[in-house]
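below are the sequence and a predicted model; questions follow.
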Amino acid sequence: MQATSPLHSVVNAMERSIRAKDGAALASLLVQVESLSPAQLKAAVSLVQGGLEGLCDQLPEPFDVFVRELIKRLAIGPETPFAEYAAMFSHFVAQVYTQPWLAPVLRVLCSSAFRRARKQDDDLTARRSKPVHLSVLQSHLARLIAIILSDRPLAQQIKAGLLIAVNTAFRIYFALGEMSLCIKMVQQVESNVQESALQLAKYPRGDQVTLYYFTGKTKMYSHDFGPAERYLSDAFKLCAHYHGSAKRMILELLIPARMIRGTVPHPYLLQKHGLDGHFGRLVQCYKVGDYTHYLAAINQNRKWFMKRGLLTVMKETMKLMMYRNLFCTSFRALQSESPDIYRVPLDVFLKAVQQSGLDTDGTADLDEVECIVVSLIGQQLDRQGYMRGFIQHAARVAVLAKSSPFVKPSQVTK
């Protein structure tokens, strides 16, 4: 008695899910096939009477060719060359993905394709060869995204897979370090949202969270901190509470974006998500302008910030904010003794700079402090400065506005 191949039951189940248009079930079956090793697949194929072609013939077109080619390529072993998998992925996108119920299948294939391409690129890098596979996958996704965003009749049928393709593209761009492509993708998505051609609320919540995270990350790395905070805040709010690791990953970028705009996290939030060791001391130093201990706290976690692309933002971009907070602390100390004082000798700010650690090379003088105050007061285009007032150069005095002399950072970084 001949043994029955396990592929019989899998392909039979695929036929039922296709005829029922059950994308989730079909996607689950594809995951089951991909979880088998090449040796297991070869053994299963060998047990099929009439061969793999005969087994897959029971599937309706174009799924028969797609499933047959998928199993063939996965059975090549020991590891399927990505070119083979990419050919199958391209076939699915061009010939099979024509209906909205197939979006779960697209999700499985995008995830698998990204994982395989990245692994084989890592292998190439280890052998000192040029990595190429993620770029190949990116080209296939770019074509798919262009079709979905077009006015072609097919676009409406496959629009359900847009965020899946876009988010996979973002993963590729960040893996390749291609910030220019990230920026172009953000512009493409934002323009379609503004034109009401794309309604994000209709997509699965998880896809929205991922899109907002990658968009916020792109804005953060472009030093566009206002939009970065808004996108990352949306991602954090939408992310389900039971996805703790995802919420923490969002916070790792959201906290610096908010600090640049003058909002510090509550200690409970840091403790809840295990980030107090990275931001707790920083926040305390940031609030009073203690740059010496602020830098020490950053250097203590230098590799952690570097890995997340935050080192420059935390050290340099935050420096102007530290001056603002330091001068605000000094001004309030003066006002506690003389409530009506608004003329602040620059020497007061100079002493504060020297004691704070912001004077890293020990050369700060009144001229430098005056320049810093001018920078804080100065307006750029339509943006208000961090301070309101003016400098009396001859008297070496900063004359601050009587109403809100220190502007909220959120009003500066729009």
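Received, thanks. Since the structure is predicted, the reported quantities are computational estimates derived from the model, not experimental observations.

may I see the buried residues of the host helix or strand of A155?
In this structure, A155 is located in helix 153-158 according to DSSP states H and E. By neighbour count on 16 or more other C-beta atoms under 10 Å, the buried set for helix 153-158 is Q157, I158. For the C-beta atoms, the positions are set from N, CA and C on the backbone; glycine is no exception.

tell me where the chain has strands.
Along the chain, counting by DSSP state E, strands occupy 343-345, 389-392, 397-400.

how distant is the first one from the center of its chain?
It refers to strand 343-345. Relative to the centre of its chain, strand 343-345 is centred 44 Å away, using C-alpha atoms, centre = their mean, to the nearest Å.

who does it pair up with?
Using DSSP bridges, strand 343-345 pairs in its sheet with strand 397-400 (antiparallel).

quick one on the thing from earlier: how about the strands of the chain, which one is nearest S330?
Shortest distance between S330 and the strands of the chain, using C-beta to C-beta, is found for strand 343-345: 7.7 Å.

which residues touch the closest one?
Residues outside strand 343-345 that contact it (C-beta atoms under 8 Å, 6 or more residues apart in numbering): S330, F331, L334, Q392, R396, V397, A398, V399, L400.

just the residues you listed now: which is nearest L282?
S330 (20.4 Å).

pretty sure the closest one sits against D347.
No. S330 is beyond contact range of D347, at 10.8 Å (criterion: C-beta atoms under 8 Å).

who has more neighbours, these two?
S330 (21 against 12; other C-beta atoms under 10 Å).

could I get the contacting residues of the residue nearest to the more buried one when sequence neighbours are not counted?
Take S330 and drop its neighbours on the chain: the residue closest to it by C-beta to C-beta, 6 or more residues apart in numbering is A352, 4.5 Å away. The contact partners of A352, by C-beta under 8 Å, 6+ apart, come to G289, L326, F327, T329, S330.

from E190, how far off is A352?
42 Å (C-beta to C-beta, to the nearest Å).

equivalent analysis for Q335, please.
44 Å.

how distant is stretch 124-134 from the center of its chain?
Centre-to-centre, stretch 124-134 and its host chain are 24 Å apart (C-alpha atoms, centre = their mean).

and for it, what's in contact with it?
Against stretch 124-134 from outside (C-beta under 8 Å, 6+ apart): F82, A86, F114, R116, A117, R118, Q120, D121, D122, I172, A175, L176.

which of the residues you listed fall in helices?
Among those, the ones falling in helices (DSSP state H) are F82, A86, F114, R116, A117, R118, Q120, D121, D122, I172, A175, L176.

could I have the buried ones of those residues as ChimeraX selection syntax?
Filtering the ones in helices among the contacts of stretch 124-134 down to the buried ones (16+ other C-beta under 10 Å) takes a single ChimeraX command:
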select :82,86,114,116,117,118,120,121,172,175,176
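
pLDDT and distance to H133 for the ones in helices among the contacts of stretch 124-134 - can I get that in a markdown table?
Below are these laid out as a markdown table (pLDDT from 0 to 100; distance: C-beta to C-beta, whole Å):
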| residue | pLDDT | distance to H133 |
| --- | --- | --- |
| F82 | 90 | 4 |
| A86 | 92 | 8 |
| F114 | 96 | 10 |
| R116 | 92 | 8 |
| A117 | 94 | 4 |
| R118 | 95 | 8 |
| Q120 | 93 | 5 |
| D121 | 94 | 5 |
| D122 | 93 | 10 |
| I172 | 97 | 10 |
| A175 | 94 | 11 |
| L176 | 94 | 11 |
